[in-house]
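Asks: When you get a sec, could you give me coordinates for this:
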Amino acid sequence: MKIHTIILISAALAFSMTGPICAHDSRAETVTKNFEALIPNISGKSLIAVEVNYAPGAASPPHTHAKSAFIYAYVISGAIESKVNDSETRIYRAGESWSESPGALHSISRNASKTEPAKLLAVFVLDTNDSPLTTPSN
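Replies: Residues are numbered from 1 along each chain as shown. Predicted structure coming up:
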């Protein structure tokens, strides 16, 4: 079974574990943790899945993630405009995905639509207890 499938199945099974972990003003995103578990065959590593909901026109401020975090992002609905490090700015639509390496700067992360909401699933593989998950960049 491909790791992509395993991650999506794990996250899908966890959707019942909801509760906002970060809610900003109406121009930003709402982040809900859906899953958190130790990875049993990789000592010191954990998997955390969060759902990020963007209202129409909403955006996240530029940010980095926990220093050890490798992130897989999958657009569930709508369209997300994203720029990581020196990559091209790109619009990802439902069903598309990207990854972020540890230490990456996520300078653009926003709903590409001014009229429709957008949602993505972000799956973190990181050192257990590495926090915070997200830190605004200066």
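Asks: Helices along the chain, start to end?
Replies: For the chain, the helices defined by DSSP state H cover 3-13.
Asks: center of it, which residue is that?
Replies: Relative to the mean C-alpha position of the chain, the nearest C-alpha, by C-alpha atoms, centre = their mean, is the one of Ala122, at 2.7 Å.
Asks: Show me what that residue is bridged to.
Replies: Val50, Ala73 (DSSP bridges).
Asks: how much space between it and Asp130?
Replies: Per C-beta to C-beta, to the nearest Å, Ala122 is found 15 Å from Asp130. For glycine as for every other residue, the C-beta is placed from the backbone atoms N, C-alpha and C.
Asks: Glu36: neighbouring residues, count only.
Replies: By other C-beta atoms under 10 Å, the residues close to Glu36 number 14.
Asks: just Asn41 next, same as before
Replies: Neighbours around Asn41, by other C-beta under 10 Å: 6.
Asks: Hmm, Ser60 and the residue nearest to the centre of the chain touching each other?
Replies: No: counting by C-beta atoms under 8 Å, Ala122 sits too far from Ser60 to count as a contact (10.8 Å).
Asks: residues shared between the contacts of the two?
Replies: Common neighbours of Ala122 and Ser60, using C-beta atoms under 8 Å, 6 or more residues apart in numbering, are Val52.
Asks: ranges for the strands of this protein?
Replies: Secondary structure of the chain, counting by DSSP state E: strands at 20-23, 29-38, 45-54, 59-60, 63-65, 70-77, 79-84, 90-93, 97-100, 105-111, 118-127, 134-136.
Asks: No further queries at this time; thank you.
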